[in-house]
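Asks: Quick one, structure for this:
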Amino acid sequence: MKKLNLLSPDVRTGFLEGRGRELIRYLEIPEEMKKSRLTEDLKNGALFFETLKEQAEKKPSRVVVIRSDNEELGFMALTYLAGIYNDIETRDTSDQNGFFFGGGIMDENGEDVFENEYADEEEEEFALDDVTEWHEHCRRIPIITIAEVRNDTTGGNLYSVFDDAGLGMKGENNARRRDPWWYKATRESVCVIENPGDFTGFCGNPYANFSSEVGMHFRKNRHLFVLDIKPDMIDEFPFEDSDGSSNNFENPEFTRMVLEESAAVIDLRGKWDKEKVLDYRTTQFENWVEREQFTLAEDFPCRKITGRINSMRNPAKSILMGQILHYIRQQGSGSDVLEEKDFDVLKRFANLVDKKTAGETSAKKLEKGLCGMEEVKQRVREVVDVMKYYRRRENLGLDKGEFHNVHVLLGAPGTAKTTVAKYMGQMMMEENLLPGNRFTCINGADLKGMYVGHTAPKVKNLFENNDIIMIDEAYSLTISDGSSAGGDIFSQEAVSTLITEIENRGNEKLVLFAGYGGVDVEEKDNLMKRFIDSNPGLKSRINSTIYFKSYTPDEMVEIVHRLAANQQFILGRRADNEIKAYFMERSKSRDFGNGREARSLLENAAVFAAQRTRDMKVTANDRRKFQEITPSDIRKAIARQKRGTCMQNGRGAAGRGFGFGSI
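Replies: Prediction:
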């Protein structure tokens, strides 16, 4: 198991007694947090914090802006960076002119009176009878909202209402203003946090006069960390200006603040690879399990459970994992060994699934994203439904049947078999039938090892590291010369290991064998049928076959238009008849490449568009000119495609498929 040094931020809350129970909040920085700890966590998958590495190599900046879509990640980044700065600056924490060693607020026994505010589901309140002021320490960073700073500069709500403390009566104009607790934070680091809700009524401009207001209070502090939380901007960031250049700042006020303070800007937001995110979340989950002194059952679907937690609405995913494990400890059977059924408690929180994160379902994407192919779409839905049905039966203690999640995809090249495989796997993951959507597509021949004993580990590794496994040209695993159906010793070892893995993992993996074949293919050319018939054990474990028909000329026209739209080309309808006539001719050929030829046609049209616009001067109004694909571009592209086909046939390439060997 990969070890993480930082699982969650140690944010603590409590109350100061005396002039009213004043709520305070601060971030505790572990003493052992150093650059080496960040480096270790990055190696173990902490991808959100890759942008911290560059800043950690530089001289510490007094003002640092950390941009994040949620507080958990922002405070974790701050923890790493503040710990690194502490280590670099080698401060002597044992003598700080009367500051409490160990920081924060201490009781009479020298213990910190605050608890981690995320430790339990319900935050506890702590009475601080004799403590009325904040005491600074380099490992205790006060958390202050920009709204509090603004209210202080305008006198917004910092008037005391405690008459018994001698601070005036509510509503009196001459009431004495009470300094907030963070006024005592004058030397050490502070964190000012900006949440979307903090700026209601401030003209929607969070950074107007930012530097003058915040700088007025914290100019002398060792470090000022500004935590900028904007969850709604994730999909748009970074955005582009009208000239296509990247713009890292939303408005001039923010730019001015950064320049005036010479601030470092660290952005944690981005469109992260979903599989890498799930890898990191799985590592976090395993670390939480160890921290909570649980162990996992041998067959525990760790990635599947992590995926379910990751889909919940709470943005503090790691903290949520700890809370769930704590809940299971309190409500569970008392066993320290976790099984999948222990996480049935997640069903109670089904309404917490993040619909925004989930976005459009893969079932809808399948419907909208593929042109035609209605029979294929229907078969995919049926397979998902029946897998879901058997999983429900299994959960009810009924016979789960022998329905293995193994299927065959048959069709000509370019008929979107790989795309359908990805959608199919994603649909199953969304239905909790797969632990994740790690996808791989390999050639059947690639499964064979280089020497005896090398093949089995390759196949096992394939199943260990992927959830959706597509084996293209599957017949190449056992049929290399077109004559032998059984294959050599390496083929036999590969098939034998495949059967074992399918039997053991058939319910938690999606396995797809793809290649050329079908009912309309002559027996001598139907290599996929020969592959499936080569081993009875393999054949008995295949539960469905999906046929992919070649696209019609009308469908090919629509595919060209969809590809153009996806690449931000403007393609009118004036050349549709010519495109259709071309594909009517091509579809009669045995080597017709279906969707691949639509892509090739558009790529050739772009070549002629490039020639047409080669000498144009680029101005701000030329965007459309560089998007248009004209009928002339299409006609020239068709002519080039035809010439290419004739040249290939002249070299004896007629009758050959794309990547499927001799058929």
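Asks: Gly517 and Tyr80, how far apart?
Replies: 54 Å (Cβ to Cβ, to the nearest Å). The C-beta positions use only the backbone N, C-alpha and C, and glycine is treated the same way.
Asks: for this protein, which helix is longest?
Replies: For the chain, the helix that runs over the most residues, judged by DSSP state H, is helix 374-395.
Asks: what about that one, average pLDDT?
Replies: The pLDDT scores in helix 374-395 average 87.
Asks: Next SSE downstream of that helix?
Replies: Going down the chain from helix 374-395, the next helix or strand is strand 406-411, by DSSP states H and E.
Asks: Output the contacting helices and strands for the following helix or strand past that following strand.
Replies: Counting by DSSP H and E, the next helix or strand C-terminal to strand 406-411 is helix 417-430. Judged by 3 or more Cβ pairs under 8 Å, 6 or more residues apart in numbering; DSSP states H and E, helix 417-430 is in contact with helix 362-369, helix 374-395, strand 406-411, strand 439-443, strand 468-472, strand 510-515, strand 544-548.
Asks: Can you find the helix or strand in this structure with the smallest mean pLDDT?
Replies: None of the helices or strands of the chain scores lower by mean pLDDT, DSSP states H and E than strand 239-240, at a mean of 32.
Asks: correct me, but Arg187 touches Phe218?
Replies: No: using Cβ atoms under 8 Å, Arg187 makes no contact with Phe218, being 10.2 Å away.
Asks: Tell me which of those two has more neighbours.
Replies: Phe218 (23 against 14; other Cβ atoms under 10 Å).
Asks: how close does Gly334 get to Phe294?
Replies: Going from Gly334 to Phe294 by Cβ to Cβ gives 12 Å.
Asks: More neighbours: the two, which one.
Replies: Phe294 (17 against 5).
Asks: so who does that one touch?
Replies: Leu325, Arg329, Asp336, Val337, Leu338 (Cβ atoms under 8 Å, 6 or more residues apart in numbering).
Asks: The first one: which element?
Replies: Secondary structure from DSSP H and E places Leu325 in helix 317-331.
Asks: Outside of that helix itself, list whatever touches it.
Replies: Contacts of helix 317-331 (Cβ under 8 Å, 6+ apart): 7-8, 72, 118, 120-121, 281, 284-285, 288-289, 291-292, 294, 309-310, 312, 314, 338, 342-343, 345-346.
Asks: what pairs with the nearest residue to Val226 once chain neighbours are set aside across the strands?
Replies: In this structure, Val226 finds its nearest non-sequential neighbour in Val65, 4.6 Å apart by Cβ to Cβ, 6 or more residues apart in numbering. Beta-bridge partners recorded for Val65 (DSSP bridges): Val226, Val265.
Asks: if I pick Leu571, what's in contact with it?
Replies: Going by Cβ under 8 Å, 6+ apart, Leu571 touches Val560, His561, Ala564, Ala565, Ile629, Ile634.
Asks: Just the ones of those residues in strands?
Replies: When DSSP state E defines the strands, the subset of those inside them is Ile629.
Asks: where's the dip in pLDDT among the contacts of Leu571?
Replies: Among the contacts of Leu571, Ala565 has the weakest pLDDT, 87.
Asks: So what's the residue count around that residue?
Replies: Residues near Ala565, counting by other Cβ under 10 Å: 11.
Asks: ok, now which ones touch Ser189?
Replies: Residues near Ser189 by Cβ under 8 Å, 6+ apart: Ala82, Tyr85, Cys138, Ile141, Asn221, Arg222, His223, Leu224, Phe225.
Asks: Which one (most neighbours) among the residues you listed?
Replies: Going by other Cβ under 10 Å, Phe225 tops the contacts of Ser189 with 29 neighbours.
Asks: Look up the closest residue to that one, ignoring the ones flanking it.
Replies: Going by Cβ to Cβ, 6+ apart, Phe225 has Cys191 as its nearest residue, at 4.4 Å.
Asks: who does the strand or helix carrying that neighbour pair up with?
Replies: Assigned by DSSP H and E, Cys191 belongs to strand 190-194. Paired with strand 190-194 in the same sheet, following DSSP bridges, are strand 140-145 (parallel), strand 224-229 (parallel).
Asks: returning to that earlier point: let me have the contacts of Leu571 in CSV, extended by distance to Arg573.
Replies: Output for the contacts of Leu571, formatted as CSV (distance: Cβ to Cβ, whole Å):
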residue, distance to Arg573
Val560, 11
His561, 8
Ala564, 11
Ala565, 13
Ile629, 12
Ile634, 11
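Asks: Which pair in the contacts of Leu571 has the greatest spatial separation?
Replies: Maximum pairwise distance among the contacts of Leu571 (Cβ to Cβ): 15.2 Å, between Ala565 and Ile634.
Asks: which residues does the residue nearest to the spatial centre of the chain contact?
Replies: By Cα atoms, centre = their mean, the chain has its centre lying nearest to Lys274, at 3.0 Å. Residues near Lys274 by Cβ under 8 Å, 6+ apart: Asn437.
Asks: quick one: pLDDT of it?
Replies: Lys274 carries a pLDDT value of 80.
Asks: Ala40 is in contact with Asn5, isn't it?
Replies: For residue 40 the amino acid is Glu, not Ala. Yes: between Glu40 and Asn5 a contact is recorded at 6.0 Å, counting by Cβ under 8 Å.
Asks: Any stretches of the stretch 351-500 of the chain with poor pLDDT?
Replies: In the predicted model of the stretch 351-500 of the chain, residues 351-360, 400-402, 451, 479-487 satisfy pLDDT under 70.
Asks: Kindly recompute the last result at 80.
Replies: 351-362, 368-369, 394-397, 399-404, 432, 435-437, 449-454, 478-489 (pLDDT under 80).
Asks: For the stretch 551-663 of the chain, which segments are assigned as helices?
Replies: 553-566, 576-586, 595-612, 631-650 (DSSP state H, counting those that start in this stretch).
Asks: Let me have those in TSV, adding distance to Lys417 as columns.
Replies: Listed next are the helices of the stretch 551-663 of the chain as TSV, based on distance: least, Cβ to Cβ, whole Å:
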stretch	distance to Lys417
helix 553-566	15
helix 576-586	19
helix 595-612	10
helix 631-650	23
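Asks: any idea how far Glu292 is from Met424?
Replies: 36 Å.
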